[in-house]
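Asks: My questions concern the predicted model and sequence given below.
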Amino acid sequence: MCGIAGMVALDDVAGRLADSIRNLEYRGYDSCGMALLNGSRSLIVRKNIGPVAEVSEKEGFAGLRGHIGIAHTRWATHGGVTQANAHPHLSCDARFTITHNGIISNHDTLRARLAKAGHTFTSETDTEVIVHLIEERYKQFRGVERAFVAALHELEGTYAVALLTTYEPDRIYCARSESPLLIGVGDSANFVASDFSAFISHTKRAVFMDDGEYAVVSHDGYAVKRVATGELVSRPVQELKWDTEMAQKGGFPHYMLKEIFEQPQVVRNALEIDAKLIERFAALALEKRLFLTGVGTTYYVAQFGQYYFSEYAGITPVAASSDEFRFLAQVDEGCAVVALSQSGETYDTLAALRYAKSRKAVTGAIVNVMGSTMARTVDHLILQGSGPEICVISTKAALAQMLLLARIALAAGARRGHITKAKAAAYEKQMREMPAIIETILNEKAGFINTIARQQCHINHWLFLGRGKYYPAARESALKMKEVSYVHAEGMPSGFLKHGTIALIDEKLNSVIFTPPEEEKELYDMTLSSAEEIRARDGYTLGIRFDGARKKAHLPFTDSIVLPRTPPFTAPFIEIVAAQLLSYYTATALNRNIDRPRALAKSVTVA
Ligand code: F6R
């Protein structure tokens with residue numbers, strides 16, 4: 001995830017562009033840069049590693065001249081955090097420069113083709129191919145717009161791009177495909193940006209672009225067109241209602257909600273992670289013994305992985321909490337230890353990895369933060385590419401890790417012949433359908449979940465119950481409830497309830513039941529029996545369940561959050577998203593400090 005900003009005005013824009021990308025830093029902040037045009041002369045490009053304030057100082061952004069410019073703040077995905085990899089990128093003839101957010105999935109092929117045509121690359125990024133491709137198409141068509149559109153046709157993957165060129169020194173070209181982009185409409189200046197926090201202090205008037213559209217923006221106008229047909233799109237200007245402070249959260253009142261809402265894109269990013277890397281981790285799963293480790297949420301991610309490996313790969317790895325790892329895990333040569341960590345800096349998980357290394361085990365990690373200690377410690381690494389997670393509570397990063405473990409389990413299952421390749425492909429297809437289902441929940445169910453949360457927020461004790469792969473989903477969801485709302489919540493296997501905990505059921509304790517889809521008949525029936533046991537003792541039950549064809553006339557739920565039909569492979573992920581919203585709205589109803597709950601820290605680097 002990166003942040004893009006562009007501005008075209010009648011006076012110097014560099015200072016305002018620097019402010020714009022500072023407001024986009026929540027999207028990434030490992031390096032940044034700016035390109036400006038002063039009249040029709042050559043492009044001025046300045047970039048470096050570090051957050052915006054630091055680079056601004058180092059590169060003297062404020063003193064740069066130019067009435068038109070583009071800028072970028074980066075969260076590295078392809079290529080390390082280096083000055084060369086920072087955006088903007090230049091074409092060979094230095095007449096085009098580009099900034100990009102997203103992932104170009106066919107960048108390897110394009111790079112090879114362009115290199116053959118004589119282009120020299122100066123970075124390791126997928127982005128750089130775009131600017132060389134535009135340069136190449138310009139040679140062919142001799143027109144910027146035609147060259148830009150022709151290049152867009154050749155790109156696969158996701159992007160928001162902004163282009164500046166000396167051939168048309170008064171215009172910014174931009175385009176969007178599955179990465180956000182909008183135009184800010186000012187009085188004698190116009191803007192392009194990944195989100196309106198980049199320009200809201202200058203104008204509250206915006207035009208939201210859709211996928212498959214491009215725009216040409218000058219200081220006194222803009223035109224939005226369809227990439228496929230070139231047809232003009234007429235789109236009304238919208239008045240933004242947010243203030244500057246809210247804008248930094250992209251209009252969301254809290255980072256937690258914003259990050260929950262980013263999950264459709266985060267899922268897409270996790271699905272884009274190279275299959276070769278997934279295969280490498282699948283090979284680790286076939287070592288003598290596989291250990292999965294993490295702590296807090298990431299321990300529940302490990303446990304989630306354990307169930308997926310068991311069901312879809314026919315292997316039961318050991319899932320161990322990293323704080324207990326040394327005291328439990330009998331690791332030696334020939335074993336593989338895979339750690340999960342958002343920050344890549346958690347002391348307990350690092351200690352588990354160091355212990356595994358000292359016992360000569362091969363190590364792997366799935367982490368979100370590039371260059372983190374864990375990323376540098378392990379033998380094999382997956383950078384999950386979920387973008388910065390600012391809220392102390394982990395939501396999107398954990399969901400992406402779960403998805404990656406599910407992908408690895410499928411690859412391992414196919415290698416071992418536990419499932420057929422065709423079956424694995426069918427499950428992968430189901431994963432690709434997840435973003436749309438998550439979007440439906442976010443858009444259509446959040447209001448109802450908020451109502452339930454407000455009705456039930458006076459309850460101080462909750463049980464989160466699930467069976468099979470819904471059990472780790474319940475545990476992770478209980479942790480969310482505890483840490484953000486300060487309400488006592490326990491995650492438990494629903495079958496375990498009758499062995500003691502059921503004694504607690506009364507009107508002061510609520511239960512949330514993670515119900516499988518009806519196709520998982522055995523699990524479904526067993527889960528409903530546990531809910532029946534609670535109802536028989538007058539306990540409140542909130543069913544998180546799926547809409548189904550065969551509806552039971554009488555379900556043992558006091559209230560139900562009914563989710564769109566989802567296949568069993570992806571059902572637990574979808575329930576987790578609904579439960580994240582339940583925790584979030586309970587915490588807001590209780591007026592908690594959402595993004596920085598008491599006593600917590602984003603990165604726990606102590607023992
Ligand atoms: C829960 C949460 C923590 C972290 C845990 C591990 O929402 O954020 O439980 O999951 O401290 O942190 P990372 O993933 O950074 O290793």
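Replies: Cool, the structure landed. Residues are numbered from 1 along each chain as shown.
Asks: Okay, now the unreliable bits of this protein?
Replies: Applying pLDDT under 70 to the chain picks out residues 1, 26, 40, 241-247, 371, 549-553, 601-607.
Asks: What's the biggest helix in it, counting residues?
Replies: Taking DSSP state H as the criterion, the chain has its longest helix at helix 396-416.
Asks: elements contacting that helix?
Replies: For helix 396-416, the elements it packs on are helix 263-272, helix 275-285, helix 297-313, strand 362-367, helix 421-432, helix 571-589, judged by 3 or more CB pairs under 8 Å, 6 or more residues apart in numbering; DSSP states H and E. Quick note: C-beta positions are derived from backbone N, CA and C, even for glycine.
Asks: Give me the secondary structure label for Ile183.
Replies: Secondary structure, DSSP: H, G, I helix; E, B strand; the rest coil: Ile183 is strand.
Asks: Correction: the previous question concerned Ala356.
Replies: Going by three-state DSSP: Ala356 is helix.
Asks: List the strands paired with whichever strand or helix holds Tyr222, with their directions.
Replies: Following DSSP states H and E, one finds Tyr222 within strand 221-226. Neighbouring strands of strand 221-226 in its sheet, by DSSP bridges, are strand 213-218 (antiparallel), strand 232-233 (antiparallel).
Asks: Report the buried residues of that strand.
Replies: Tyr222, Val224, Lys225 (16 or more other CB atoms under 10 Å).
Asks: For the last one, give its distance to the ligand.
Replies: Using CB to the nearest ligand atom, to the nearest Å, we find Lys225 at a distance of 43 Å from the ligand.
Asks: and the stretch 151-300 of the chain, which of its residues are near the ligand?
Replies: Applying CB under 6 Å from any ligand atom, one finds that the stretch 151-300 of the chain approaches the ligand through Val295, Gly296, Thr297, Thr298.
Asks: and with 5 Å instead?
Replies: Proximity of the stretch 151-300 of the chain to the ligand, by CB under 5 Å from any ligand atom, involves residues Gly296, Thr297, Thr298.
Asks: on that earlier part again, want to throw the strands paired with strand 221-226 into TSV with mean neighbour count?
Replies: Below are the strands paired with strand 221-226 laid out as TSV (neighbours: other CB atoms under 10 Å):
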stretch	mean neighbour count
strand 213-218	21
strand 232-233	13
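Asks: Quick one: closest of these to Leu240.
Replies: Counting by CB to CB, Leu240 lies closest to strand 213-218 out of those; the figure is 17.4 Å.
Asks: For that closest one, what is the distance to the chain centroid?
Replies: Averaging C-alpha positions (CA atoms, centre = their mean, to the nearest Å) puts strand 213-218 27 Å from its chain's average.
Asks: Is any residue of the longest helix of the chain near the ligand?
Replies: No. With CB under 5 Å from any ligand atom as the criterion, the ligand is not reached by helix 396-416; the gap is at least 6.7 Å.
Asks: ok and the residue in the stretch 151-300 of the chain nearest the ligand?
Replies: Gly296 (2.0 Å; CB to the nearest ligand atom).
Asks: Touching, that residue and Ala478? I think so.
Replies: No. Between Gly296 and Ala478 there is no contact under CB atoms under 8 Å: 11.9 Å.
Asks: more crowded one of those two?
Replies: Ala478 (25 against 22; other CB atoms under 10 Å).
Asks: ok, which residues in the stretch 351-500 of the chain are in contact with the ligand?
Replies: Ile393, Ser394.
Asks: Point me to the residue of the stretch 351-500 of the chain nearest the ligand.
Replies: Closest residue of the stretch 351-500 of the chain to the ligand, CB to the nearest ligand atom: Ser394 (3.6 Å).
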